[in-house]
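Enquirer: I would like to see how this sequence folds:
(chains A, B, C and D)
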There are 4 protein chains.
Amino acid sequence: MTAASSWVLSLSCPDRPGIVHAVTGVLAEHDGNITESQQFGDPDTGLFFMRVEFASAAPLAELEAAVAGIAGRFEMTWNLDVAGRRMRTIVMVSKTAHCVNDLLFRERAKTLPVDIVGVVGNHETLRELAEFYGKPFHHIPVTADTKAEAEAALLALVEELDAELVVLARYMQILSPELSDALRGRIINIHHSFLPSFKGARPYFQAHDRGVKLIGATAHYVTSDLDEGPIIEQDVERVDHTFTPEALTAIGADVERRALARAVRWHAEHRVLLDGHRTIVFK
Amino acid sequence: MTAASSWVLSLSCPDRPGIVHAVTGVLAEHDGNITESQQFGDPDTGLFFMRVEFASAAPLAELEAAVAGIAGRFEMTWNLDVAGRRMRTIVMVSKTAHCVNDLLFRERAKTLPVDIVGVVGNHETLRELAEFYGKPFHHIPVTADTKAEAEAALLALVEELDAELVVLARYMQILSPELSDALRGRIINIHHSFLPSFKGARPYFQAHDRGVKLIGATAHYVTSDLDEGPIIEQDVERVDHTFTPEALTAIGADVERRALARAVRWHAEHRVLLDGHRTIVFK
Amino acid sequence: MTAASSWVLSLSCPDRPGIVHAVTGVLAEHDGNITESQQFGDPDTGLFFMRVEFASAAPLAELEAAVAGIAGRFEMTWNLDVAGRRMRTIVMVSKTAHCVNDLLFRERAKTLPVDIVGVVGNHETLRELAEFYGKPFHHIPVTADTKAEAEAALLALVEELDAELVVLARYMQILSPELSDALRGRIINIHHSFLPSFKGARPYFQAHDRGVKLIGATAHYVTSDLDEGPIIEQDVERVDHTFTPEALTAIGADVERRALARAVRWHAEHRVLLDGHRTIVFK
Amino acid sequence: MTAASSWVLSLSCPDRPGIVHAVTGVLAEHDGNITESQQFGDPDTGLFFMRVEFASAAPLAELEAAVAGIAGRFEMTWNLDVAGRRMRTIVMVSKTAHCVNDLLFRERAKTLPVDIVGVVGNHETLRELAEFYGKPFHHIPVTADTKAEAEAALLALVEELDAELVVLARYMQILSPELSDALRGRIINIHHSFLPSFKGARPYFQAHDRGVKLIGATAHYVTSDLDEGPIIEQDVERVDHTFTPEALTAIGADVERRALARAVRWHAEHRVLLDGHRTIVFK
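Expert: Below you'll find the predicted structure:
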């Protein structure tokens, strides 16, 4: 006899009648009690999305078999997980600390359901910070000549550490299309701008020159199409003419860490589903 | 042969396994296709809440009978409506125009699914505005002596106009507990403060005296417990020391009309469900 | 004997020591009492900006002569006005009402210091609304062939009505560089996007396709450089995957009217100063 | 020969003509060039406030003497400091890390102009964090019996470390009126609520029970009047019915650290002036 556990099931499939009924039928057969659920049908793509948290005493294998039993009929892409399980995550950094510091702090404070299994830097700068939080730091330097090797080393590390998620926390290297594809749907970047604006380098200097009144940041999945990956979260903060480019950069850092932390939490809680080049976020 | 129509079903009931399965079973039997749905189980109150939009060619009576067929078993409170149907609404005013002007404008712009069937004022001030928008204006003056009659006249008007919703758009009269009860769950007020603070009169003067840095407003259902009705929406705007009480009042007007318009829209779309003295808002 | 009046002086000039001392010396000589003032020196452009509200019983001509007496020495661009005076304003529209309705309502509510002396439309659609607020409506149709005449008619109207400010309240015509130059610094547009993003047509459809999580708008001065005029104000509102392009458009309308009303108020209060292609906004 | 340095002068005094002229006269005599300045006269209290940043090659003593030369005549309270100088600060904590972690991180990132000269805790919990950032940690336990001694020890430490500012970063002890008075105007608290609401303990449980839609925090100066000290900054974040009290607490932590960091920065930059029980914040 097992105590009731809490589960989260997320899925997408071509939209048609009967999906929710079939899914909840599976839950009902296992005495599943729904605590939170959301569904959405996108008329543009013809896809249907569902996320359901439920309590059930049934074991994982039994639940998985039951879901698999209906998944084929509906052509479902689906995922079943223990609700609240901490997702094994690698954080990648260069020299800038604000995003990784925020993720490490939130993990320790138990407000972010991730298990940061390693920090990877192309510089040594942030080793001390990672190690203060008890995280192994891996130095993988990157030059134009060694980029392929560096990416291979990263992929090897992802496998070795059994990482489910890679977070680019102001990692200032552009990934190859091959690596982006290999990690598709499980690699998140924070873009230091309110996309689609100011895509290039030094966006806060561009923002200052243009005299914008709001500073934004965008957390998105990485794809081989640079800066065009599906957007998970965006946020802004108000600025004015007294802000120097340096002050805009400092404000930007606040917005970046906030947007990134939300995106990572929603991903780790299986709240983000891919809908073509957009996302469905069941907050 | 009928073309497929779009429906919205909202319900609450004691939480237990099988609710969503039963509901979606009813939909599946009528070839219903879910386009948007949300569920939530509140562990504090033990209640379960659901809102589902779906397309189905079945006629209203048939769908109602089918839902009724399962409602008893689950002790459901439920409502089935045509999605997007404009809710018959009475707006009550005194002399201040910003909220009613906003509601009238949004109705005409078709961004608020209400049919404002009348504007009631305890002063004549806003007759001209109401009539510009083609709305009958009813003058029901209120004095300490005539309060009971005035409330009876309002209730009679609600029945005569078959109004489903009453919106207090800066109506500066306190309703009797009897009237609040009679209209329970279908009367919305905008409170000129960020509740629970500054409950009394002249909140913007209080706010100025206290030197607050944010001005807020609260849209809530009216209950006999003054200013303590279930909160539907709150919003704020940033202010600073240069704002006089008059400037705070002007900013407050912006926040009020924004919060009220959202609350009315969500109510009219059956997105707000009562959970004790709290609300569930399926945005 | 005159009662003390309230004045606002705004100015910009090349930055160097002694400016504020000289200006406040002029005020002191006329028993001027400063109630609110701000100064800013921009290290990028080498320009200095000042706005001061003060009370003084001196007549306008005397104050003007006194300011003129120091303006030459500092190469000042300056403006002296009665504080709170309502600026004579023409609002230009096409068919969309939300911005002009908001401006008209705020003028009547006395929360916007403008005197709307006329509404100009290239369509007749909004005549009724303008006339309800007691404003003369001028229909100036525009076609590819008549554009030059239409702009000449507008300029003639600006002169005839002695208009100080022209507001493009969703006026869906691109102005010629000549007209933009002729009205430089006194013509404000609301851009239906968070510039510099989504510059083209149908920005809310672009935003929906891109799956953005925030919808923004930008109020800016019109220049001959399309969509690149100095930004006065920007604002955003949060959206999610459930928003259709139509819903994004409705939210965008809210953001637009809010940003435009702020920009118009700040301009009318002489709070906005031009600093190259940026603005200084002394809020 | 000294290079030009950057200074910040802040002052308040009874309002009357000639103040700014006199102050800028002092600056002009020392070839001072104003880079940013703001003034405000409060009609309620009859007080005038000014903050000016300027560049001047004159030595501190000379500038101080010059300001002192006019201060008496205008009954000024004034402060002259090197612009950007890092203010010597003690941070007080209990067991909760989010606020102190944020302050320590921002100090190291050089985005907060403070020099944290010590962290004081009534528990040992946060010693490790403080020491990671190279800060001496002082354990001053407090019980009902030892409160007077503990406060004496704190005051001794403030003197010994020459601390200019004390920040209560979720320090869960109520200070005595005597200590509050001794540190008046240089001790900042973060209140875990949007004051004036939810003043008591466990505000996030109160907020959850009341079903609020926004969670707020308030940074304020500490006075002997508990929770009624002058407000420096407030902020909010949007929540909904799915947030448990624990989730509200986590969101609240984000809002708290954000509001506190802003209040500390503005105080350290001499942007906050006291106006009775309100503040003037020259952002």
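
Enquirer: if you tally nearby residues, what's the number for the residue in the stretch 51-200 of chain A positioned nearest to chain D?
Expert: Closest to chain D within the stretch 51-200 of chain A is A:T111: 4.2 Å, counting by C-beta to the nearest C-beta. In this view, the C-beta of every residue, glycine as well, is placed from N, C-alpha and C. Per other C-beta atoms under 10 Å in any protein chain shown, the neighbour tally for A:T111 reads 18.

Enquirer: name the residues of chain A found near chain D, please.
Expert: A:36, A:97-98, A:101, A:105, A:109, A:111, A:132, A:242, A:250, A:253-254, A:258, A:283 (C-beta under 8 Å from any C-beta of the partner chain).

Enquirer: still on that earlier bit, list phi and psi for the residue of the stretch 51-200 of chain A closest to chain D.
Expert: Backbone geometry at A:T111, expressed as degrees, to the nearest 10, gives phi -110, psi 10.

Enquirer: assign a three-state SS to the nearest residue to it once chain neighbours are set aside, would you?
Expert: Excluding the flanking residues, the one nearest A:T111 by C-beta to C-beta, 6 or more residues apart in numbering or on different chains is D:A250, at 4.2 Å. Following DSSP: H, G, I helix; E, B strand; the rest coil, the label given to D:A250 is helix.

Enquirer: wait, D:A250 sits on A:F105?
Expert: No. D:A250 sits out of contact with A:F105 when judged by C-beta atoms under 8 Å, with a separation of 11.9 Å.

Enquirer: what's the closest of the residues of chain A next to chain D to C:V8?
Expert: A:T242 (20.2 Å; C-beta to C-beta).

Enquirer: my guess is the closest one contacts C:Q39. True?
Expert: No. Using C-beta under 8 Å, A:T242 is not in contact with C:Q39; the gap is 10.8 Å.

Enquirer: tally of neighbours for the residue of the stretch 1-150 of chain A found nearest chain C?
Expert: Of all residues in the stretch 1-150 of chain A, the one sitting closest to chain C is A:F40 (6.4 Å; C-beta to the nearest C-beta). By other C-beta under 10 Å, 25 other residues sit near A:F40.

Enquirer: helix or strand: which one has it?
Expert: Per DSSP states H and E: A:F40 is located in strand A:33-42.

Enquirer: which residues are common contacts for A:T242 and C:Q39?
Expert: Residues touching both A:T242 and C:Q39 (C-beta atoms under 8 Å, 6 or more residues apart in numbering or on different chains): D:E36.

Enquirer: and the one helix or strand A:I232 maps to, which strands flank it?
Expert: Using DSSP H and E, A:I232 maps to strand A:231-238. Strand A:231-238 has the following strand partners under DSSP bridges: strand A:214-221 (antiparallel).

Enquirer: give the rounded mean pLDDT of the partner strand.
Expert: Computed over strand A:214-221, the mean pLDDT rounds to 92.

Enquirer: do stretch A:129-148 as well
Expert: 96.

Enquirer: contact partners of that stretch?
Expert: If you take C-beta under 8 Å, 6+ apart as the criterion, stretch A:129-148 is touched by A:97, A:100-101, A:104-105, A:107-108, A:116-124, A:126-127, A:150, A:153-154, A:157, A:173, A:176, D:132.

Enquirer: average model confidence for stretch A:180-200?
Expert: On average, stretch A:180-200 scores 84.

Enquirer: give me the angle between the lowest-mean-pLDDT helix or strand in chain A and strand C:231-238.
Expert: Taking mean pLDDT, DSSP states H and E as the measure, the helix or strand of chain A with the lowest value is helix A:203-210, at a mean of 79. Angle, helix A:203-210 to strand C:231-238, by axes from the mean of the first three to the mean of the last three C-alpha atoms, to 10 degrees: 130 degrees.

Enquirer: pLDDT wise, what is A:A156 at?
Expert: A:A156 carries a pLDDT value of 98.

Enquirer: for it, give its distance to A:A150.
Expert: Distance, A:A156 to A:A150, using C-beta to C-beta, to the nearest Å: 11 Å.

Enquirer: of those two, who's got more company?
Expert: Neighbours were counted for A:A156 and for A:A150 using other C-beta under 10 Å; A:A150 has more, 19 against 11.

Enquirer: so that one makes contact with A:N122?
Expert: Yes. Counting by C-beta under 8 Å, A:N122 is a contact partner of A:A150 at 7.4 Å.

Enquirer: how about the strands of the stretch 151-283 of chain A, start to end?
Expert: Here the stretch 151-283 of chain A has its strands, by DSSP state E, counting those that start in this stretch, at A:165-168, A:187-191, A:214-221, A:231-238, A:272-275, A:278-281.
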